[in-house]
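**Q** Sequence first, predicted model second:
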Amino acid sequence: MQSSDGRAIGVRIAGAEEGPLVIYLHGSPSSRLDVDYMHARSERRGVRLVGIDRPGYGLSTPTAFTFASVARDVAVVAEPSTRVISPS
């Protein structure tokens, strides 16, 4: 996917094909691939889980990391009633 400022954002989708959308923000060091370990549990619970790479990790273009930049990246994949989770 592409951010509003033209950077690449690495995205991985896991879990159910339909249902509430939950965006997973990985810790450090890690990547969007963390959602692979949560696929079966998310599918059983009817949750669509999307992992996005933080700037400079995985497939995402490096940039200054701020709360505002994370919010812009989340907005690219978010939809109404999206939930966001993060281990860090």
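**A** Good, I have the coordinates.
**Q** Low-confidence ranges, the protein, go.
**A** Across the chain, nothing is flagged by pLDDT under 70.
**Q** Please spell out which residues along the helix of greatest length in it are buried.
**A** Longest helix in the chain, counting residues (DSSP state H): helix 67-77. Buried residues in helix 67-77, defined by neighbour count with 16 or more other Cβ atoms under 10 Å: 69-70, 72-74, 77. Where C-beta positions appear, they are placed from N, C-alpha and C, glycine not excepted.
**Q** Equivalent analysis for stretch 76-83, please.
**A** In stretch 76-83, counting by 16+ other Cβ under 10 Å, buried: Val77.
**Q** For the residue of the chain positioned farthest from its centre, give its distance to Glu79.
**A** Using Cα atoms, centre = their mean, the residue of the chain lying farthest from its centre is Arg44. It sits 19.5 Å away. Computed as Cβ to Cβ, to the nearest Å, the Arg44 to Glu79 distance reads 22 Å.
**Q** Report the distance from the longest helix of the chain to the chain centre.
**A** Relative to its parent chain, helix 67-77 has a centroid offset of 10 Å by Cα atoms, centre = their mean, to the nearest Å.
**Q** Likewise for stretch 59-74?
**A** Taking Cα atoms, centre = their mean, one finds stretch 59-74 lying 11 Å from the centre of the chain it belongs to.
**Q** so how far does that stretch reach from one end to the other?
**A** 15 Å (Cα to Cα, to the nearest Å).
**Q** Then stretch 18-37?
**A** Stretch 18-37 end-to-end distance (Cα to Cα) = 19 Å.
**Q** Return the set of buried residues in that stretch.
**A** 21-26, 30-32, 34-35.
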